[in-house]
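Trainee: next comes the sequence, and after it the predicted model I'd like to discuss.
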Amino acid sequence: MNYECAKCGADVGNGSVQSAVIVSDLDPDTPGMVRNLYFCRDHEDKDGHKIKGCANKVLSAANLKHHKEEKTR
């Protein structure tokens, strides 16, 4: 089974953590059920051009602010 990036639709292969950031969330359309969202990491397109992945938006410095502060304590 191939998975796609939830933001841009890029192919993230089998959805492994090497290919994508995986976010688990409650599915608003199906109460009580969990959904997994995949966000692509930096990758190359079919022509070999480097593409900045959507994972950088999910795991941005601003989104990881508290996490980084805790690690430096």
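Mentor: Arrived safely. Numbering: from 1, shown residues only.
Trainee: what's the distance between the residue most central in space within the chain and residue 62?
Mentor: The residue lying closest to the centre of the chain (Cα atoms, centre = their mean) is residue 39, at 2.5 Å. Relative to residue 62, residue 39 is positioned 16 Å away (Cβ to Cβ, to the nearest Å). Bear in mind the C-beta positions are built from the backbone N, C-alpha and C, glycine included.
Trainee: so where's this structure uncertain?
Mentor: For the chain, no stretch has pLDDT under 70.
Trainee: which residue ranges of it form helices?
Mentor: Ranges of helices in the chain, per DSSP state H, are 55-58, 65-71.
Trainee: need the CA coordinates for the last one. CSV is fine.
Mentor: What follows is helix 65-71 as a C-alpha-only set of coordinates in CSV (Å, rounded to 0.1, in the frame of the first residue of the first chain):
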residue,chain,number,x,y,z
LYS,A,65,9.4,25.3,20.9
HIS,A,66,8.4,23.7,24.1
HIS,A,67,10.1,20.4,23.2
LYS,A,68,13.4,22.1,22.5
GLU,A,69,13.1,24.1,25.7
GLU,A,70,12.6,21.0,27.8
LYS,A,71,15.6,19.2,26.1
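Trainee: ok, residues contacting that helix?
Mentor: Under the criterion Cβ atoms under 8 Å, 6 or more residues apart in numbering, residues residue 61 lie in contact with helix 65-71.
Trainee: and it, how far out from the chain middle?
Mentor: Chain-centre distance of helix 65-71: 19 Å, with Cα atoms, centre = their mean, to the nearest Å.
Trainee: ok, now stretch 40-59?
Mentor: 10 Å.
Trainee: buried ones in it, by neighbour count?
Mentor: By neighbour count with 16 or more other Cβ atoms under 10 Å, stretch 40-59 contains the buried residues 40-41, 43, 53-55, 58.
Trainee: going along the chain, name the strands of the chain.
Mentor: 20-26, 34-40, 43-44, 50-51 (DSSP state E).
Trainee: list the beta-bridge partners for the nearest residue to residue 59 once chain neighbours are set aside.
Mentor: Leaving aside its sequence neighbours, residue 59 sits nearest to residue 21 (Cβ to Cβ, 6 or more residues apart in numbering; 6.0 Å). Judged by DSSP bridges, the bridge partners of residue 21 are residue 39.
Trainee: kind regards, and thank you for your time.
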